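S.K.: The sequence and its predicted three-dimensional model are supplied below.
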Amino acid sequence: MLTLDKLPVGEQAVVMSFTNDAVKLILLEMGCIPGETISVERIAPLGDPIAVNISGYLLSMRKAEAAAVEVRRV
Amino acid sequence: MSNVQNKSKIKIAIVGNPNSGKSTVFNALTGLNQKIANFPGVTVEKRIGFFNLENESGQKISAEIIDLPGCYSLYPKSIDERIPFQVLCDPDDESYPDFVIVIADASNLKRSLFLCSQIIDLKIPALLALNMMDLAERKGLGIDSGKLSEKLGVPVIPMNALKKQGIAELKKSLLHSFSPPEKDFTDVQKYSPGITEEIKNIIHVSSDYAAFQVANNFEWISAFHLTPEKTGKLKKIISDRNFDSDAIKAKETLERYGVITVLIKEVVHEKGIMQGTHVRSKKIDSILTHRVFGYVIFLVILFLVFQSIFAWAAYPMDLVDRFFAWSKQMVAAAMPQGLLNDLVVNGIIAGLNGVVIFVPQIALLFAFIAVLEDTGYMSRVSFMMDKLLRGFGLNGKSVIPLISGVACAVPAIMSARTIQNRKERIITIMVTPLMSCSARLPVYTLLISLIIPAGYFYGVNVQGLVLFGMYLIGFIAAIAAAWLMKFIIRVKEKSYFIMELPLYRLPRFSNIGMMIIEKVKVFLFDAGKVIMAISIVLWLLSSNAPGNKFETIEKKYNTASQNSGINHDEIIYKIKSEKLESSYAGILGQWIEPAIKPMGFDWKIGIALITSFAAREVFVGTMSTIYSAGDKGTRSTVREKMQSEINPETLKPRYDFATGFSLMLFYAFAMQCMSTLAVVKREMRGWKWPLIQFAYMGALAYVASLTAYQLLK
């Protein structure tokens, strides 16, 4: 399955599930819940972390954390 | 049911997501009536404010309001975030409120309502302040606050705290009676039936949901100060039931968001998409976090900030010095001559001077940092730097303390609080004092002028270049020490960099002003106490000698001056210098001389090293006292006196390149700052880390100076 760290910048996707419990909890309570639309807005100059658009705001996370988020392209 | 009308004193807690404008609301309610304390047992700052309400019969009700650290839920992820859980779930906590103001960012309603729903379920009377309504409006969101209030079962006050809109309404609704809604957002019973009852039998909690929180946050239970017996019983309940808190938290979160999503559809209507502020923010981001310009702009901003700190602070610092010089004269003249006079003038006033002199730089530095933070830029710097700093055991968020360290390590260390991961926070705090702070500047300036000839090398000022080199050495040492500590410090806590990047906005000057006042206060009172105490001790050590040595010296010179026509001033200098040599401070200097000799230092430098442990800048003052002797009065500056000093063993100048460079390295690395140690102790809640820091920096300084001197001499 496609994970968030592999989602190309600007493409829309939908959050499906998480593969890491700790990351899952942090992201869930920040509104990054399955079914929400998500997109990568930009990548930090050194290639990591990334900034994603979720639930109407901008959230930064490391690629390792994004790899725990499974998404489906829309 | 809570009825404020009959009370004369109430406690309010204010809680909300980071960036929801919580501080703005807090400041609007209290103005300057606020103070900083600490939550018992943790290094988290507790901001308390006071304001008055007036009930219908005109009686005053005094309200105490506590600003709880920003969080996204009641589930703690850092020491800071443990506070909302501790304060709101334990009715025996000293800060447990009569009710809670939940601040929501109206433009980010869904996420804000999640925290709000948890608070409502705790059954503490609550009120929702819908802040930043203007931003929601601009985003094209229409929020029916009446309907939202009806659905949530708590009052909802729309507001724009920055423009003070809604503050009066907020105060007014605090006076009304509240009864928390009966029905919970989620039925916690279904996750582990009966557990809440069992917990309520053991400890006192306000509601079923609070009991459920206790089960989920058992790892943070120490906040409740329970007897070991009760803790044991709780532990048994949780393990007997195989209570899987991670899975249950996730389920609960999803369920709450489910309810909220339905609710939002009913109360929010999108009036077409107007993403103006988002588009603007995105455009700014494409420049400020650009892969090349991003770093260039950051460096330029840094350069400008430091230029202005040094340029602008010079004037007020000069005023401070002049004021204290004047007070010294006034007091010295007004008080009768003697020991008390000397203590007040050279101990207390000199000590105060040493504290207050840093206020302009600290205030300016914090003003700049507050502006960078408030506009949303600092989080972008962390975003750009995270990968780079991660390799050294640091975090993107370490940028702020490291940068601030160039002005003063005290506020810099305080700013490391935003780093959630304990290991990264410890490392940041441990290495920040290696960044060359402003107190080293006078030391470097003096020594460089002694050992580096003035001149230009390919059009670059050589002395300036060496000064820059000293800053670079400090930075490299900080990074290298961080890298080493990465392998040594063992703290099991995973590091995350999940962080909101707020929209860019104009700085809110009232918040910034409040923050400057707050930081300066903390510095003056916390660090100030230590600096004062050390100054007085140093005064005692340098103005006293064992036995009647001082009298002997005075007698000797009195007879000498009667017998010959030696200049009166010169005798005073000689008396001063011999007194210093035989004082306790002088004895200490001579005592450590064998240890510092391999680094190229003599006992006079030894005294300066000892006095500099209060604060580095004391070096120059001590040097001028020591070298004010044996001199015909023609060469008046400290620099010239030091330059003419001869090493009696080698018959070469004392301050040659080897000694001077070795001394600069020592000042670059050694932990010669009581205020920093005091603030590290305060932040880390104990003497362990400041002592380790003192030891490792001392060792580093010793080895570096020794090596440099032995290689260069």
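M.R.: Thanks, I have it.
S.K.: Next secondary structure after the top helix by length along chain B?
M.R.: In chain B, with assignment by DSSP state H, the single longest helix is helix B:293-334. Along the chain past helix B:293-334, the next helix or strand (assigned with DSSP states H and E) turns out to be helix B:339-342.
S.K.: Check which element follows that following helix along the chain.
M.R.: helix B:350-356.
S.K.: any residues touching that following helix, and which ones?
M.R.: For helix B:350-356, contacts defined as CB atoms under 8 Å, 6 or more residues apart in numbering or on different chains pick out B:320-321, B:324, B:328, B:524, B:527-528, B:531-532, B:534-536, B:539, B:614-615, B:617-618. In short, each C-beta sits where N, CA and C put it, glycine included.
S.K.: Can you flag the buried ones in these?
M.R.: Among the contacts of helix B:350-356, the ones that count as buried by 16 or more other CB atoms under 10 Å in any protein chain shown are B:320, B:324, B:328, B:524, B:527-528, B:531-532, B:534-536, B:539, B:614-615, B:617-618.
S.K.: By mean pLDDT, which helix or strand of chain A comes out lowest?
M.R.: Lowest by mean pLDDT, DSSP states H and E among the helices and strands of chain A is helix A:21-29, with a mean of 90.
S.K.: Enumerate every residue touching residue 73.
M.R.: If you meant another chain, say so; for now it's chain A. A:2, A:7, A:11-13.
S.K.: looking at chain B here, not the other one
M.R.: Residue B:73 neighbours (CB under 8 Å, 6+ apart): A:29, B:114-115, B:118, B:253.
S.K.: If we use 7 Å, what do you get?
M.R.: Residues near residue B:73 by CB atoms under 7 Å, 6 or more residues apart in numbering or on different chains: A:29, B:114-115, B:118.
S.K.: Can you list which of those residues are found in helices?
M.R.: Checking these against DSSP H, those in helices are A:29, B:114-115, B:118.
S.K.: Who are the packing partners of the helix or strand where residue B:82 lies?
M.R.: The secondary structure element spanning residue B:82 is helix B:79-89 (assigned by DSSP H and E). Counting contacts by 3 or more CB pairs under 7 Å, 6 or more residues apart in numbering or on different chains; DSSP states H and E, helix B:79-89 packs against strand B:9-16, helix B:208-216.
S.K.: relative to helix B:79-89, how tilted is the last one?
M.R.: Orientation of helix B:208-216 against helix B:79-89 (axes from the mean of the first three to the mean of the last three CA atoms, to 10 degrees) gives an angle of 140 degrees.
S.K.: what about helix B:208-216, distance to the chain center?
M.R.: 33 Å (CA atoms, centre = their mean, to the nearest Å).
S.K.: Need the phi and psi values for the residue lying closest to residue A:22 once chain neighbours are set aside.
M.R.: Leaving out its chain neighbours, the residue that sits closest to residue A:22 by CB to CB, 6 or more residues apart in numbering or on different chains is residue B:494, at 6.3 Å. The phi and psi values for residue B:494, taken as degrees, to the nearest 10, are phi -70, psi 150.
S.K.: returning to what we had before: restrict the buried ones among the contacts of helix B:350-356 to contacts with chain A.
M.R.: Among these, not one lies near chain A by CB under 7 Å from any CB of the partner chain.
S.K.: Can you flag which of those residues belong to helices?
M.R.: B:320, B:324, B:328, B:528, B:531-532, B:534-536, B:539, B:618.
S.K.: what about residue B:66, helix or strand, and which?
M.R.: Going by DSSP H and E, residue B:66 is in strand B:60-67.
S.K.: Could you pull out the buried residues of that strand?
M.R.: Buried-residue list, strand B:60-67, by 16+ other CB under 10 Å: B:61, B:63-67.
S.K.: Kindly report the same for stretch B:168-187.
M.R.: Neighbour-count burial for stretch B:168-187 [16+ other CB under 10 Å]: B:170-171, B:173-174, B:178, B:180, B:184-186.
S.K.: tell me the phi and psi of the residue in the stretch 501-650 of chain B that chain A sits nearest to?
M.R.: For the stretch 501-650 of chain B, the residue closest to chain A is residue B:501, as judged by CB to the nearest CB, at 4.2 Å. With angles defined as degrees, to the nearest 10, residue B:501 sits at phi -100, psi 100.
S.K.: Assign a three-state SS to the residue nearest to it when sequence neighbours are not counted, would you?
M.R.: In space, residue B:501 comes closest to residue A:58 once its chain neighbours are excluded; the distance is 4.2 Å by CB to CB, 6+ apart. Reduced to three states with DSSP: H, G, I helix; E, B strand; the rest coil, the structure at residue A:58 is strand.
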